[in-house]
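Colleague: Just a sequence and a predicted model for now, questions to come.
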There are 2 protein chains.
Amino acid sequence: MITRRAKYALKALLYLAQQPEGQTVLIRDLAKAERIPKKFLEQILLDLNRKGILQSRKGKGGGYLLGRSPAKIMMGEVIRLTDGPLAPVPCVSKTAYHRCEECVDEKTCRIRRVMKDVRDAIAGVMDKTSLADMLGKKGMKGA
Amino acid sequence: MITRRAKYALKALLYLAQQPEGQTVLIRDLAKAERIPKKFLEQILLDLNRKGILQSRKGKGGGYLLGRSPAKIMMGEVIRLTDGPLAPVPCVSKTAYHRCEECVDEKTCRIRRVMKDVRDAIAGVMDKTSLADMLGKKGMKGA
DNA sequence: AAGTAGTCTAGTAAATAGGTAGAGTAAATA
DNA sequence: TATTTACTCTACCTATTTACTAGACTACTT
């Protein structure tokens, strides 16, 4: 299961993706529109900002906007930034590999083999679906 | 990420799957062989026993054995029993559906649509891979 | 300078993860 | 039938994570 944090992040990004190019949105308005606790959303957006997925402007007329076009922000990236690796076990993660502590021998691990397939299956969907795809009328995948 | 509990469960089941038909294994030996804390393993096995995936025999000569043939125990089932639903959000789970509390309208939720695909991708691997498949030399899937 | 709006650090309650401890119960056998 | 063997069950525990809230601070605009 993904966290609420990840869902909020996706909802916020999808909302921003629907704004006209260059238009900023206040945290307050975003929170209200998507029913996300404002202070919690602040943290989430701040974090996504630091990670370069969105931009902010301070002072009057400020707010948040996407850092890239909605077609270039993949769901997989958002989930990784908020919840961590997509892989079900660390030893099959491509972006954050590290060995399983309890694992005796990775090379012969029966679980690892299947988990690789699971990871690829998850990434196969998430890394091919952009915000733009999610908003597209026909539910078609990118590319 | 799956829990350590789930990994231990899989390891234990895989170990049992490798025994000759009808052969029991002591918790103690299983714990030692797979390097799982014994008391923790007791709980896990007890739970899997209650859920019918394995059987036990008490007293001398007792121990644990699989409740079904390794070809009929699917990885997806094991993960569900230990960690819960495979689905990344409750509203797309086929075995444990319930709506997301924070969700305003499930019908039009953009996240839900993709998550359905993700769930199917995960289940597509996990529900088609049995313990026997995992032990098979060639890494082929069932059926 | 005033006001607006994002930034940053702490704190907190509840749930989950990953165990440990020890008494209880059933089966086998001497 | 007493003893031993092994699983069964309940309770407990600590650390971490999740999902927030509070409040001070900083930067930008007018």
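Modeller: Sure thing, it's come through.
Colleague: What residues sit buried inside the biggest helix by length in chain A?
Modeller: When chain A is scanned for its longest helix (criterion: DSSP state H), the result is helix A:110-126. For helix A:110-126, burial by neighbour count (16 or more other CB atoms under 10 Å in any protein chain shown) applies to A:110-112, A:114-123, A:125-126. Where you see a C-beta, it was placed from the backbone N, CA and C, and this is true even at glycine.
Colleague: That helix vs DNA strand C: in contact?
Modeller: No - on the criterion CB under 7 Å from any atom of the strand, helix A:110-126 is out of touch with DNA strand C, staying 14.3 Å away.
Colleague: ok now that helix, how far from the chain's centre?
Modeller: From the chain centre to the centre of helix A:110-126 is a distance of 18 Å (CA atoms, centre = their mean, to the nearest Å).
Colleague: That one to helix B:110-126, inter-axis angle?
Modeller: Taking axes from the mean of the first three to the mean of the last three CA atoms, to 10 degrees, one finds helix A:110-126 and helix B:110-126 inclined to each other by 150 degrees.
Colleague: If you count contacts, what does helix A:110-126 end up packed against?
Modeller: With contacts taken as 3 or more CB pairs under 8 Å, 6 or more residues apart in numbering or on different chains; DSSP states H and E, helix A:110-126 sits against helix A:75-83, helix B:4-17, helix B:110-126, helix B:131-135.
Colleague: quick one: that helix to helix B:4-17, angle?
Modeller: Using the same axes, to 10 degrees: helix A:110-126 against helix B:4-17 is 130 degrees.
Colleague: SS state for the residue in chain A that DNA strand D sits nearest to?
Modeller: Of all residues in chain A, the one sitting closest to DNA strand D is A:Gly59 (2.5 Å; CB to the nearest atom of the strand). Per DSSP: H, G, I helix; E, B strand; the rest coil, the local secondary structure of A:Gly59 is coil.
Colleague: hang on, isn't A:Arg68 packed against A:Leu48?
Modeller: No - at 11.4 Å, A:Arg68 does not count as touching A:Leu48 under the criterion of CB atoms under 8 Å.
Colleague: tell me the contacts of the residue nearest the centre of chain A?
Modeller: Among the residues of chain A, the one closest to the centroid is A:Val78, at 1.2 Å (CA atoms, centre = their mean). Taking CB atoms under 8 Å, 6 or more residues apart in numbering or on different chains, we find A:Val78 in contact with A:6, A:9-10, A:13, A:48, A:53.
Colleague: switch to 7 Å and redo it
Modeller: Contacts for A:Val78 (CB atoms under 7 Å, 6 or more residues apart in numbering or on different chains) come out as A:9-10, A:13.
Colleague: Distance check, the residue nearest to A:Ile73 when sequence neighbours are not counted against A:Asp47.
Modeller: Closest residue to A:Ile73 apart from its sequence neighbours, by CB to CB, 6 or more residues apart in numbering or on different chains: A:Leu131 at 4.8 Å. Going from A:Leu131 to A:Asp47 by CB to CB, to the nearest Å gives 17 Å.
Colleague: neighbour-wise, which of those two wins?
Modeller: A:Leu131 (25 against 15; other CB atoms under 10 Å in any protein chain shown).
Colleague: Show me what stretch A:97-117 is in contact with.
Modeller: In contact with stretch A:97-117 (CB under 7 Å, 6+ apart) are residues A:88-92, B:4, B:7, B:10, B:14, B:35, B:75, B:125, B:129, B:134-135, B:139.
Colleague: Of those, which qualify as buried by neighbour count?
Modeller: Applying 16+ other CB under 10 Å to the contacts of stretch A:97-117 flags A:88-92, B:4, B:7, B:10, B:14, B:75, B:125, B:129, B:134 as buried.
Colleague: That concludes my questions; thank you for your assistance.
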